[in-house]
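Participant: Need a 3D model of the sequence below.
(chains A and B)
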Protein chains: 2
Amino acid sequence: MTQPITPREQDFSRWYTDVIQAATLADYSPVKGCMVIRPYGYAIWERIREVLDRRIKETGHENAYFPLFIPKSLLAREAEHVEGFAKECAIVTHSRLKAVEGGVVPDPESKLEEELVVRPTSETIMYSMFAKWIASYRNLPLLINQWANVVRWEMRTRLFLRTTEFLWQEGHTAHETFEEAEAETHKMLGVYRELSEGTLAVPVIPGAKSDSEKFAGALKTYCIEAMMQDRKALQMGTSHNLGQNFAKAFDVKFQGRDGKLAHVWQTSWGVSTRLIGAVILMHSDDRGLVLPPRLAPIEGVIVPIWKDDSEKANVLRFAESVAASIVDHRVKIDDREQHKPGFKFFEWEKKGVPLRMEIGPRDVNEGKVVVVRRDTGAKTPVPAIELAHRFPALLEEIQEDLLRRAREFREAHMKDVDRYDDFRAFMEADSGFTRSHHCGGRECEAKIKDDTKATIRCLPLDGPRERGACIACGAPSERRAIFGKAY
Amino acid sequence: MTQPITPREQDFSRWYTDVIQAATLADYSPVKGCMVIRPYGYAIWERIREVLDRRIKETGHENAYFPLFIPKSLLAREAEHVEGFAKECAIVTHSRLKAVEGGVVPDPESKLEEELVVRPTSETIMYSMFAKWIASYRNLPLLINQWANVVRWEMRTRLFLRTTEFLWQEGHTAHETFEEAEAETHKMLGVYRELSEGTLAVPVIPGAKSDSEKFAGALKTYCIEAMMQDRKALQMGTSHNLGQNFAKAFDVKFQGRDGKLAHVWQTSWGVSTRLIGAVILMHSDDRGLVLPPRLAPIEGVIVPIWKDDSEKANVLRFAESVAASIVDHRVKIDDREQHKPGFKFFEWEKKGVPLRMEIGPRDVNEGKVVVVRRDTGAKTPVPAIELAHRFPALLEEIQEDLLRRAREFREAHMKDVDRYDDFRAFMEADSGFTRSHHCGGRECEAKIKDDTKATIRCLPLDGPRERGACIACGAPSERRAIFGKAY
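Facilitator: As a prediction, the model looks like this:
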């Protein structure tokens, strides 16, 4: 049960998996490429859902649910889209199993007339319905969101970061004009940024994807990109301006204010359970998971310490009054009999609970609680009567410190690099992100990736216009791109 | 957009579909047997989730997420289980599409070594993990719940009631003893009954399924059964005592308090989006949907009525103050310019909003609101200052009336029937449920179904012991079963 966590220095990738197992966030499943999200990991996803769902609704969107299966011909209707997803589809071909000697096989007689693809994303199935629902500008904007599972067949998988099945939300909207669609795309990118920085304490760079990294079928893909503590890049969320590509493929038309028929302008945007992977990679340490308080299923755990029954009664009574004083928070008293306090400290550390509160007989006498921060290990004795305001204040402090430290780390590992030799050395050493000029050419970008494994993470939205020469080919460039090695 | 609703007398089945379409709850999709749950329908599902999820957690269960796909061999490990589900499985056989002349086809080179079944239910995939997680009695009880989509291939489908894909929750637990598992099964059946009667206003009969209707692989299946307004039966939820069947198939063992290894005792239980179908069938009328207040996404709608701009300003100001006085409720002001009040009344009626509040210029002057009940059409003028307590009281009254009326309806259409001729006539006339003696034989039950289309809905848990003779074969019986025609 309690395998030691591999130190980061020794093997970062194993450390990541060890942290997940030690915190019981997830587990490998008997299905290749699919994982089991265990209760503690799922509770984190529920927190993300809760925070994000509220914002999605506040910004005028409504949840709905569309079929898991997409008829092959529907998926194929937008040419770029099917090309982008064809290589990673789970395909349903039969609808019955038949008993044979030694087991069961798909019943040949149940072969489907048309194969069904398990949704890798829902543009095609949703927009075939949008075509039915939208008739006039009065039906616009149509603002739909879906919480669902999706499947993209993966060869090399990694818990939370890349799995064949994952959970996500996908927003899909239709508008009267390009400008409205573009504004929606940016609005939702802003909501994602707010979630990432405000709740997950993961600072991000909002930007546009290069042509070769944009979503299959989109006009433009925007993203938020973060630097993990191994200085690699993780894409945290994307927001696509789909233009009229899908509207044309699915004949989604509306009668405009001018009485004329026109195709709608569309967007789609999503974040997934990958965000849990980001939080782990960003904040955790060699002792295990570190969770930002706003995301933590348990914000504080009280560990009562006693030697005999009379101490126990006293300590527990005090612990309960302490818990009652912070009743609006997610607090747990760990009064398990079978484990020693040291074991409990260790366990809640592995689970990343932001604050531990130790209460022994002496603390009861002195009317205080020893509060220990998970992120720094700092211990503070706090008078019990002050806990009602000190506890939330400490949580806030941790939340801010995690974000600030992550931001400082990123700034310390992001540099303007203008010479290709320096660029190669920088990437070779896994030094972080560069801000470098790029010509915008697909082939040139591919060459850089071949040479260095680095890709354009994004063209930052707030990057200044600045004339320069492409880091690889020397062609003229008007702004710097963020380069990095990506997960 | 506004097709009339077929009256129930004319065609009950079309009425049902019309109510759904008129309320924009769901729509047919391009995927055979699968539906789209539209925002208003999904909002009802979110209410169900919210209420039930809270109870599931209060009773000690934790949410988790397991893979959508089940390797064929895993599904086949429990013999009865695979037999029960083999005929309705969506089977994934390939992982890539390949472009060919005129379209795309599954790439033969991507054929899977072992086919994957899209989960029809998750016993097998979950218990393969339970075997890994459970070592000792200290790990028990293990109380897991999952909110997910499942797929059971259906030939004849009906919106909400029977669709190839549906949404549900499935609880899965493991215990030390048979007694604990049995207690859990009943506890969750109780939670379902509470949800059904307390929130959906659908009265149910808790009972045990006969052998031929029990879950594939279970020792015992319990259910709650309701009578819809066409006097047919709808199964609202099931709770299974799985005994040690799956534990043996998946080798889920624990070291007991006595130090010995033993197989765990298990349960599983679930309710689905079918519950939305039940609410529609139970309460709605020829004007459309009727929703019980506790389930309604919108509890009350305010329709302001004005003729000119000065009236409009007055009326809207008053409407907003009225809305503010019931701010803790789910209330909407329908201030759309393009529609007349009559149109709005009609629309919210179709959507089943429990209370409509009409406010015209005269109401503003008199400081009152005309409150109209959706279920009875009763109009009550309510002084605005009293609305804060009258509004929730009226909602409560509707909630109780709906449940009471449904209960009275069921009692009026449930009879003790002891002669097979009477039984056949009763079922022929679609008269409702009978309480009749049955011998318990599978073949005898099958014969009754052949003769009358009626099945044993359940052996009611609170039914008295009473000696009698089987309605069909005359063999001795010790209690009455509930018979009815089922959805």
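Participant: CA only for contacts and neighbour counts going forward, please
Facilitator: Noted.
Participant: in terms of contact, does residue A:487 touch residue A:233 like I think?
Facilitator: Yes - Residue A:487 is within contact range of residue A:233, at 6.1 Å (criterion: C-alpha atoms under 8 Å).
Participant: Between these two, which is the more surrounded one?
Facilitator: Between residue A:487 and residue A:233, counted using other C-alpha atoms under 10 Å in any protein chain shown, residue A:233 has the larger neighbour count: 23 against 11.
Participant: What residues are bridge-paired with the more buried one?
Facilitator: Taking DSSP bridges as the rule, residue A:233 bridges to residue A:227, residue A:486.
Participant: and it, what does it touch?
Facilitator: A:225-227, A:433, A:457, A:484-487 (C-alpha atoms under 8 Å, 6 or more residues apart in numbering or on different chains).
Participant: Repeat that for residue A:156.
Facilitator: Shown here is residue A:156, whose contacts under the criterion C-alpha under 8 Å, 6+ apart are A:33, A:162.
Participant: In a strand, it, correct?
Facilitator: No - under DSSP: H, G, I helix; E, B strand; the rest coil, residue A:156 sits outside any strand and is assigned coil.
Participant: Quick check: it vs residue A:163, distance?
Facilitator: Taking C-alpha to C-alpha, to the nearest Å as the measure, residue A:156 falls 8 Å from residue A:163.
Participant: any common contacting residues for the two?
Facilitator: Counting by C-alpha under 8 Å, 6+ apart, the common neighbours of residue A:156 and residue A:163 are residue A:33.
Participant: Can you name the residues that contact the single nearest residue of the stretch 151-300 of chain A relative to chain B?
Facilitator: Scanning the stretch 151-300 of chain A for proximity to chain B using C-alpha to the nearest C-alpha identifies residue A:153 as nearest, at 6.5 Å. Listed by C-alpha under 8 Å, 6+ apart, the contact partners of residue A:153 are A:33, A:87-90, A:163-165, B:95.
Participant: Let me see the confidence value for it.
Facilitator: At residue A:153, the model reports a pLDDT of 95.
Participant: any idea which element it lies in?
Facilitator: Secondary structure from DSSP states H and E places residue A:153 outside every helix and strand.
Participant: Quickly note the distance from the residue nearest to it when sequence neighbours are not counted to residue A:152.
Facilitator: Nearest non-adjacent residue to residue A:153, counting by C-alpha to C-alpha, 6 or more residues apart in numbering or on different chains: residue A:88, 4.2 Å away. Distance of residue A:88 to residue A:152, computed by C-alpha to C-alpha: 5 Å.
Participant: same check, this time on residue A:180
Facilitator: Going from residue A:180 to residue A:152 by C-alpha to C-alpha gives 30 Å.
Participant: Compare these two and say which is more crowded by neighbours.
Facilitator: Taking other C-alpha under 10 Å, residue A:180 and residue A:152 do not tie; residue A:152 has more neighbours (23 against 16).
Participant: Need the phi and psi values for that one.
Facilitator: With angles defined as degrees, to the nearest 10, residue A:152 sits at phi -130, psi 110.
Participant: list the contacts for it?
Facilitator: Residue A:152 makes contact with A:85, A:88-90, A:120, A:163-165 under the criterion C-alpha under 8 Å, 6+ apart.
Participant: Between all of the residues you listed, which two are at the greatest distance?
Facilitator: The largest separation in the contacts of residue A:152, counting by C-alpha to C-alpha, is between A:85 and A:163 at 15.1 Å.
Participant: and residue A:111, how many residues sit next to it?
Facilitator: Other residues within reach of residue A:111, judged by other C-alpha under 10 Å, total 15.
Participant: With adjacent residues omitted, what lies nearest to it?
Facilitator: With C-alpha to C-alpha, 6+ apart as the criterion, residue A:111 has its nearest non-adjacent residue at 4.5 Å, and that residue is residue A:94.
Participant: cool, residue A:237 as well?
Facilitator: Using C-alpha to C-alpha, 6+ apart and skipping the chain neighbours, the partner closest in space to residue A:237 is residue A:271 (4.8 Å).
Participant: Could you do residue A:291 as well?
Facilitator: Leaving aside its sequence neighbours, residue A:291 sits nearest to residue A:352 (C-alpha to C-alpha, 6+ apart; 5.1 Å).
Participant: you'd agree that neighbour is in a strand?
Facilitator: No - going by three-state DSSP, the assignment for residue A:352 is coil, not a strand.
Participant: Give me the buried positions along the lowest-mean-pLDDT helix or strand in chain A.
Facilitator: Here the helix or strand of chain A ranked lowest by mean pLDDT, DSSP states H and E is helix A:79-85, holding a mean of 90. Residues of helix A:79-85 classed as buried under the neighbour-count rule (16 or more other C-alpha atoms under 10 Å in any protein chain shown) are A:81-83, A:85.
Participant: just those residues now: which is nearest residue B:469?
Facilitator: Checking those against residue B:469 by C-alpha to C-alpha gives residue A:85 as the nearest, at 63.1 Å.
Participant: which ones are touching that closest one?
Facilitator: By C-alpha under 8 Å, 6+ apart, the neighbours of residue A:85 are A:120, A:152, A:216.
Participant: ok, now residue A:239?
Facilitator: Applying C-alpha under 8 Å, 6+ apart, we find residue A:239 in contact with A:185-186, A:188-189, A:221-223, A:267-270.
Participant: any idea of the pLDDT on whichever residue of the stretch 351-487 of chain A sits closest to chain B?
Facilitator: Nearest residue of the stretch 351-487 of chain A to chain B: residue A:351, at 16.2 Å (C-alpha to the nearest C-alpha). Looking at residue A:351, its pLDDT is 98.
Participant: same thing with residue A:251?
Facilitator: Looking at residue A:251, its pLDDT reads 97.
Participant: Near it, how many other residues are there?
Facilitator: 18.
Participant: thought it was touching residue A:131?
Facilitator: Yes - between residue A:251 and residue A:131 there is a contact under C-alpha under 8 Å: 6.2 Å.
Participant: what's the nearest residue to the residue of chain A found nearest chain B if we skip its chain neighbours?
Facilitator: Relative to chain B, the nearest point of chain A is residue A:92 (4.2 Å; C-alpha to the nearest C-alpha). Nearest residue to residue A:92, sequence neighbours excluded (C-alpha to C-alpha, 6+ apart): residue B:92, at 4.2 Å.
Participant: for that neighbour, what are its contacts?
Facilitator: A:90-94, B:115-118.
Participant: which strand residues sit across from it in the sheet?
Facilitator: For residue B:92, the beta-bridge partners are residue A:92, residue B:116 (DSSP bridges).
Participant: And the strands in the stretch 1-150 of chain A?
Facilitator: Using DSSP state E, counting those that start in this stretch, the strands of the stretch 1-150 of chain A run over residues A:26-28, A:35-37, A:62-63, A:69-71, A:91-94, A:97-100, A:103-106, A:111-118, A:142-151.
Participant: Need the winner for burial among the ones you listed.
Facilitator: Comparing the strands of the stretch 1-150 of chain A by mean neighbour count (mean count of other C-alpha atoms under 10 Å in any protein chain shown), strand A:91-94 ranks first with a mean of 26.
Participant: Dump that one to PDB, keeping only the CA atoms.
Facilitator: The C-alpha atoms that make up strand A:91-94 are tabulated as PDB, following Å, rounded to 0.1, in the frame of the first residue of the first chain:
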ATOM      1  CA  ILE A  91     -15.100   1.900 -34.200                       C
ATOM      2  CA  VAL A  92     -18.300  -0.100 -33.300                       C
ATOM      3  CA  THR A  93     -19.100  -2.700 -36.000                       C
ATOM      4  CA  HIS A  94     -21.400  -5.300 -34.300                       C
END
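Participant: returning to what we had before: which pLDDT does the model give the residue nearest to residue A:111?
Facilitator: At residue A:94, the model reports a pLDDT of 97.
Participant: centroid residue for chain A?
Facilitator: In chain A, the C-alpha nearest the mean C-alpha coordinate belongs to residue A:275, at 1.8 Å (C-alpha atoms, centre = their mean).
Participant: most distant residue from the middle of chain A?
Facilitator: Residue farthest from the centre of chain A, counting by C-alpha atoms, centre = their mean, is residue A:310 at 47.7 Å.
Participant: Okay then, goodbye and thanks.
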